[in-house]
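In: My questions concern the predicted model and sequence given below.
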Amino acid sequence: MSTRNYKPLQMHRIPYTDLTEEQVTQALRPTASGPASRYPLSNVLAGKRLKIVTDAGGPTLEYHFRTGRELELSENGGKRVKAGYGALESRNLVLVSHMIPGTQRGYKLVVDQHSRLATVFEVYFSGYAEQEIAAAKAANREPQFKNGRRNREAQRRIWFGYVEGDGPAPTARHTFTNRMEGKGIYWRQDNDIEILEFYLSILYSNFIELTRFGGEMTVCAPSDYIMVSDHQFIYSRIECEFSGTYTLQIVDLFDMTQAGVRLGLNEKDELEYYMYTGQGELTGQIATFEVFGNNGETRGPRRVYRPIETFDVMTDDEVKEQVLNHAHAFGDGKGSGAAGMGGYKSERITHFAGKKLTVRMDNGGPVIDYEFVDGGKLKWRYEGDSHWREAWYEMYEPDDKLYFFAHLLDAEFPRSCAMVAIDLKNGLSTVVKGTTGTPFRNNETTPTYYFGVFEMEGAPTPPTYLRHGWTDEMVGEAVTWNYQPGNPGLTSMHFYATPTTYSWIIFQPDGSGGMQWSSPGWYSKLRDGVYIMAWVEEACNGTLGVICFNKRTMHDAGFGYHVGRNGLSLSVVGARARHAGKFDIKKYIGLKG
């Protein structure tokens, strides 16, 4: 096992430099000599000439591979240029990577030496601003550059075609595909980089950087999946919203090997341009949800989720105004405040009306007295405080005699809420305190877990030492959540990749996986098969979600906590779940040497 390099900041928190075009050009200059590699690259093309013809107005590329590391290229019959290149073989396929000296662009080629089919990726930098200006004009809006012009972010164009040769041109083509969807693979590259990849969408992928970032969080990136044969695929991704690094791989599912190239600027603005091979292990195959016969061969325009760009960051004063003067819980007694996330909320529990209880958290955690006035309003106070406060609440029963309720805490800044689980079978309690603000954004939220007991007339005497606690039992699980009626309605799939991260995939109308994002996550176990799971949509919209999930009923009871320009809200989350499958990945996760 290679060393884990834990980082003080995860990708979504790194303040990547907004480089100028000239800075990007200077950083890319070394690419003119071709990619680095730990082991010798292939000489299979040395001395050969190839003419690649692409469809749909794409380029015609005439190559003379002078040696195993130097080529000449003419684009569309133009002047020949010399460049360094690298090549790797994967059975009948050859992966070629080169840049064009003095520019910010180059080509990645996948050529089938048997069928003569070829897929061409033109990769370039400093292209985001032009695309954003054009998109803004088409939508009659102003272009968005809150986080810079993203010149460091790689862009790509894809063309399918063939290599000219003896006989008629082949009519077949490599195609986009959904045949990789649902797979997970652990890779160990020849440079000792370890990574977990999950292909949970036809537009995006998840990956966990075990070596480079320590494996704490999963990250999402827009991706391409192209089918060469039933066992050979081309997979690429761009780390949009982060470093902008481009990765392309040939994946062979027969022998679980990869041949790839990585090109980009890391968090230190250092160039990474190298080719590699790798050996993989299949970690699982979860369900996919397209109708039979849908092979995902067509794609619309490339879509990129830009939550960091669209996040509306508020000032301290703006957040303070909302949390003190525009705070609402559960519609203030006039509804659940659930909006779209509570379409399948469970039956409310109201029979605690007239009861009293105290939750007592361990290790200096909060001790709170409660009096339930009726089915929607309670009074609460901290132990030792004579002042009772009133608050709206809602309570649910996610498992037999296990209750989960929530309410707002004091009108102060930052503002907090309490989400409380009490177990009438054993006297244990868990409190998740949600608070507005993080060190990075004022209108994000932060959860704090407390484990302890509760006291109530008729409740059992709790154990002395046993408590609810942290768990890794959900690691590798994928669960779909349907929040509203309809197909797909408001439906997503959540992927619990590590004990500290949480991902969600939004389904497209045809049932295929679409856009994705990831966040920190927290998992605690209340009973066998019953868990409190929390996530904060960091660098996205800042919302805290906390649900109590029962794997037997495949239902949840939970709450959302959010602050924005329309106020502070505490609302109900309720959805129906389906188990989509599980990846066997625990052995790769956790503290390593």
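Out: Thanks, I have it.

In: and Glu318, backbone torsions?
Out: With angles defined as degrees, to the nearest 10, Glu318 sits at phi -70, psi -40.

In: Equivalent analysis for the one 3 residues further on, please.
Out: Dihedral angles of Glu321 (phi, psi; degrees, to the nearest 10) stand at phi -60, psi -40.

In: separation between it and Ser569?
Out: Distance, Glu321 to Ser569, using Cβ to Cβ, to the nearest Å: 15 Å. From N, CA and C alone the C-beta is placed, and that goes for glycine too.

In: residues contacting the spatially closest residue to Glu75 that is not a sequence neighbour?
Out: Sequence neighbours aside, Pro59 is the residue nearest to Glu75 in space, at 5.5 Å (criterion: Cβ to Cβ, 6 or more residues apart in numbering). Pro59 is in contact with Glu75, Asn76, Val120, Glu122, Trp159, counting by Cβ atoms under 8 Å, 6 or more residues apart in numbering.

In: between Glu321 and Ser569, who's got more neighbours?
Out: Ser569 (23 against 15; other Cβ atoms under 10 Å).

In: Could you name the helices and strands sitting against the worst-scoring helix or strand of the chain on mean pLDDT?
Out: Ranked by mean pLDDT, DSSP states H and E, the weakest helix or strand in the chain is helix 307-310, scoring a mean of 89. Using 3 or more Cβ pairs under 8 Å, 6 or more residues apart in numbering; DSSP states H and E as the contact test, no helix or strand touches helix 307-310.

In: Quick one: residues in contact with that helix.
Out: Everything outside helix 307-310 that qualifies as a contact, by Cβ under 8 Å, 6+ apart, is His12, Gln144, Lys146, Asn147, Glu241, Trp517, Glu537, Ala539, Cys540, Asn541.

In: Please repeat the previous calculation with a cut-off of 6 Å.
Out: Applying Cβ atoms under 6 Å, 6 or more residues apart in numbering, the contact partners of helix 307-310 are Gln144, Lys146, Asn147, Glu241, Trp517, Ala539, Cys540.

In: Specify the local secondary structure of the last one.
Out: Remark: Cys540 carries the secondary structure label coil [criterion: DSSP: H, G, I helix; E, B strand; the rest coil].

In: Pull out the buried positions in the helix or strand containing Lys379.
Out: Using DSSP states H and E, Lys379 maps to strand 377-382. Of all the residues in strand 377-382, those buried under the rule 16 or more other Cβ atoms under 10 Å are Leu378, Trp380, Arg381.

In: can you map out the helices along the stretch 301-450 of the chain?
Out: 307-310, 316-325 (DSSP state H, counting those that start in this stretch).

In: Show me the domain layout of this protein.
Out: 11-310, 316-588 (automatic domain parsing).

In: So what pairs up with Arg262 in the strands?
Out: Thr247, Tyr274 (DSSP bridges).

In: who's in contact with it?
Out: Going by Cβ under 6 Å, 6+ apart, Arg262 touches Thr247, Glu272, Tyr274.

In: Against Ala411, how distant is the residue lying closest to Tyr449 once chain neighbours are set aside?
Out: Excluding its sequence neighbours, the residue lying closest to Tyr449 (Cβ to Cβ, 6+ apart) is Val432, at 5.7 Å. Val432 is 20 Å from Ala411, where distance means Cβ to Cβ.

In: Between the two, which has more neighbouring residues?
Out: Val432 (24 against 12).

In: contacting residues for that one?
Out: Met419, Pro447, Tyr449, Ala534, Val546.

In: Can you tell me how far it is from Gly513?
Out: Taken as Cβ to Cβ, the span from Val432 to Gly513 is 29 Å.

In: Ok, Phe254 next?
Out: Phe254 is 25 Å from Gly513, by Cβ to Cβ.

In: Settle it for me: which of those two has more neighbours?
Out: Gly513 (25 against 10).

In: That one reaches Trp504, doesn't it?
Out: No: using Cβ atoms under 6 Å, Gly513 is not in contact with Trp504; the gap is 10.5 Å.

In: All the strands of the stretch 101-250 of the chain, in order from the start?
Out: 105-112, 117-124, 155-163, 175-176, 183-189, 194-199, 204-209, 219-227, 232-238, 246-252 (DSSP state E, counting those that start in this stretch).

In: could I get those as TSV with mean pLDDT, mean neighbour count and distance to Asn482?
Out: Formatted as TSV, the strands of the stretch 101-250 of the chain follow (pLDDT from 0 to 100; neighbours: other Cβ atoms under 10 Å; distance: least, Cβ to Cβ, whole Å):
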stretch	mean pLDDT	mean neighbour count	distance to Asn482
strand 105-112	98	22	38
strand 117-124	98	21	36
strand 155-163	97	20	33
strand 175-176	97	18	27
strand 183-189	98	22	23
strand 194-199	98	24	21
strand 204-209	97	24	20
strand 219-227	97	23	21
strand 232-238	98	23	28
strand 246-252	98	24	31
